[in-house]
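**Student:** Predicted model follows, preceded by the sequence.
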Amino acid sequence: MAATVEPLLQKCATLSHIKQLQAHLITTGVFQFHPSPRSKFLEFCATSSAAGSLLYAADIFRHIASPVTNDWNAVIRGLAQSHQPTDAVTFYRQGLRMLTCKPDALTCSFTLKACARALACNEANQIHSQVVRFGFIADILLQTTLLDVYAKSGYLDNAHKLFDEMSKKDVTCWNAMISGLAQGNQPNEALQLFTRMRDLRFKPNEITVLGALSACAQLGVVREGENIYSYIKNQNLDTNEQVCNVVIDMFGKCGYVTKAYQVFNSMKCTRTLVTWNTMIMVLATNGESLEALKLFDQMSKERFRPDNVSYLAALCACNHAGMVENGVELFEKMTKDVSVVPNIKHYGTMVDLLGRSGRLHEAYNVIDSIPIKPDVILWQTLLGACKTYGNVEMAEKASRKLVEMGSSSDGDFVLLSNIYAAQRRWKDVGIVRDTMRNKEVKKVPGFSYIDVDGVIHKFVNGDRSHLNLEEIYRKIEEIMGRIMEYGYVADTGYVLHDIGLEEKENALSYHSEKLAVAFGLIKMSNESNPIRINKNLRICGDCHEVMKLVSKVYKREIIVRDRTRFHNFKNGSCSCKDYW
DNA sequence: TTAGGGTTAG
């Protein structure tokens, strides 16, 4: 009977078609006497994209005299995919109370999926115990769904525990755990698990490599990324467009634009909008702004309509190159493009673009006049620009907003404190520091890492723990001496504390990226290889100046990946043209 | 036999 419904369902494009089919099913008695095609119909109705069909499905369900489990499941599934996934949980609970249909593994599966989308960990926890009570816990598919909910809602420990306890593991649950770790800001752990998976002779598939590559991108470890890419090519996984996109992204985030471009240009599979967006963003963050904008124009010629992300990537390109007028123009073009609506990230980029070029009032006006609620990042961006231009008044305004919004991010306080420090307003510095102490705000330490012959060396600011400590500090002295001959003067505004000038210069000298570059100069003798450094925060102005001079004096290319972009230092100048 | 894992973003 179900087979006879299927072809009819395929023809239902609107709610009125659906209603016509329902009338037919009622008159032929299918609705009353054949639960299986009825459930099929309900499922179609609940998951159809026709306007109003989901509500209609829920309504039909309420009018069925004795619904079966599959009727119930169909509606839960639809609700779980909707804009209000929590409704699925409500519907599930109502059904449990009605006692007319008994839950099966599918019921729990759909409801858990809804929890994952709603990031509802408490609800997932409850359903977890019900899964145990109903006797479904041995189901590997349900276990994987549970694991996924926990990981997605930030409870990686729960996810890991579940994963460790699974008596039978298949590729999918490895994938769920690896992606969970990668997306949950634990890229190191994700890669460790990926290695373990391969040691245990599980065969990674396209979804596994997506997670692993995303971890590589976050860490900036191109060596591991390359290995995975070789595996991908070997296994023919590069016929998957999403895999190619992530490879491009990985190379880009590791600072290898040319390799990213090669992958983009030689894809076996069809490029999609995401592919273009990824490539444009790679070019933008690597300082190849003109090329990024060229690609943005080209995509339209190849019949790809730019979406939100395309515009954002193009705006980023303008931002990273300080192309203010182009950015403003592009933003206006976007507001006229009816197919896209600017979101908070576009406004964020505009604030950054205007702010960094010193147009602080215009940046302020953007925040003041946006049609959506400003978030902390907008004010933090403005605060950062105030720091660059030493605008205390505007900085205080932004800081007040941040406090009002309940932000207690260390960066906010540090920025304000730095602004006061640069003006020698030590009393105000003290007040900010006291507030930090009272609010128990801790400063995230700056750190950098550098890969030398496959070994990652990590340095924190003022690090004295490295084995080659003395050698590194001697090298820094040498560097400072040599670049001073080229006119370097320490920019002590970047030091927080109220200490003497000489001490300040010293504190600056031992910023983690300087330690890393010194170490690189010592250990990486092949001068044609650039020195690549990864940093967790944004690079400070003084380090930026030092890197430029080092690239000139030592004739060495230096590539620094900071929190938001790449800086490519060559022969005394940086790819960011000092906009960052 | 309808269920689990998935790409770009200030």
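**Tutor:** Noted; the coordinates are in hand.

**Student:** Check the closest residue to A:M267 other than its chain neighbours and give its pLDDT.
**Tutor:** For A:M267, ignoring the flanking residues on the chain, the nearest one in space by CB to CB, 6 or more residues apart in numbering is A:C244 at 5.1 Å. In this view, the C-beta of every residue, glycine as well, is placed from N, C-alpha and C. The model reports A:C244 with a pLDDT of 97.

**Student:** give the contact list for the residue in chain A that DNA strand B sits nearest to.
**Tutor:** Closest to DNA strand B within chain A is A:G348: 2.1 Å, counting by CB to the nearest atom of the strand. By CB atoms under 8 Å, 6 or more residues apart in numbering, A:G348 lies in contact with A:377-378, A:381.

**Student:** so which of those are also by DNA strand B?
**Tutor:** A:377-378, A:381 (CB under 7 Å from any atom of the strand).

**Student:** The stretch 151-300 of chain A against DNA strand B: which residues are in contact?
**Tutor:** Counting by CB under 7 Å from any atom of the strand, the residues of the stretch 151-300 of chain A near DNA strand B are A:152, A:170-173, A:175-176, A:179, A:183, A:205-208, A:210-211, A:214, A:240-243, A:245-246, A:249, A:272-275, A:277-278, A:281, A:285.

**Student:** need the helices for the stretch 201-350 of chain A, in chain order.
**Tutor:** Per DSSP state H, counting those that start in this stretch, the stretch 201-350 of chain A carries helices over the ranges A:206-219, A:222-234, A:241-253, A:257-265, A:273-285, A:289-301, A:308-321, A:324-336, A:344-356.

**Student:** Please produce JSON lines containing these, extended by distance to A:Y579.
**Tutor:** Below are the helices of the stretch 201-350 of chain A laid out as JSON lines (distance: least, CB to CB, whole Å):
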{"stretch": "helix A:206-219", "distance to A:Y579": "24"}
{"stretch": "helix A:222-234", "distance to A:Y579": "26"}
{"stretch": "helix A:241-253", "distance to A:Y579": "19"}
{"stretch": "helix A:257-265", "distance to A:Y579": "18"}
{"stretch": "helix A:273-285", "distance to A:Y579": "12"}
{"stretch": "helix A:289-301", "distance to A:Y579": "10"}
{"stretch": "helix A:308-321", "distance to A:Y579": "7"}
{"stretch": "helix A:324-336", "distance to A:Y579": "9"}
{"stretch": "helix A:344-356", "distance to A:Y579": "6"}
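
**Student:** What backbone torsions are found at the closest residue to A:V257 other than its chain neighbours?
**Tutor:** Distance criterion CB to CB, 6+ apart; nearest residue to A:V257, sequence neighbours excluded, is A:N286 at 4.6 Å. Backbone torsions for A:N286, taken as degrees, to the nearest 10, come to phi -90, psi 10.

**Student:** Moving C-terminal from the helix or strand A:A507 falls within, which element do we reach first?
**Tutor:** Taking DSSP states H and E as the definition, A:A507 sits inside helix A:501-509. The element immediately downstream of helix A:501-509 (helix or strand, assigned by DSSP H and E) is helix A:512-523.

**Student:** and the helix or strand just after that following helix, which strands flank it?
**Tutor:** Moving toward the C-terminus from helix A:512-523, the next helix or strand (DSSP H and E) is strand A:531-535. According to DSSP bridges, strand A:531-535 has the following sheet partners: strand A:447-452 (antiparallel), strand A:558-561 (parallel).
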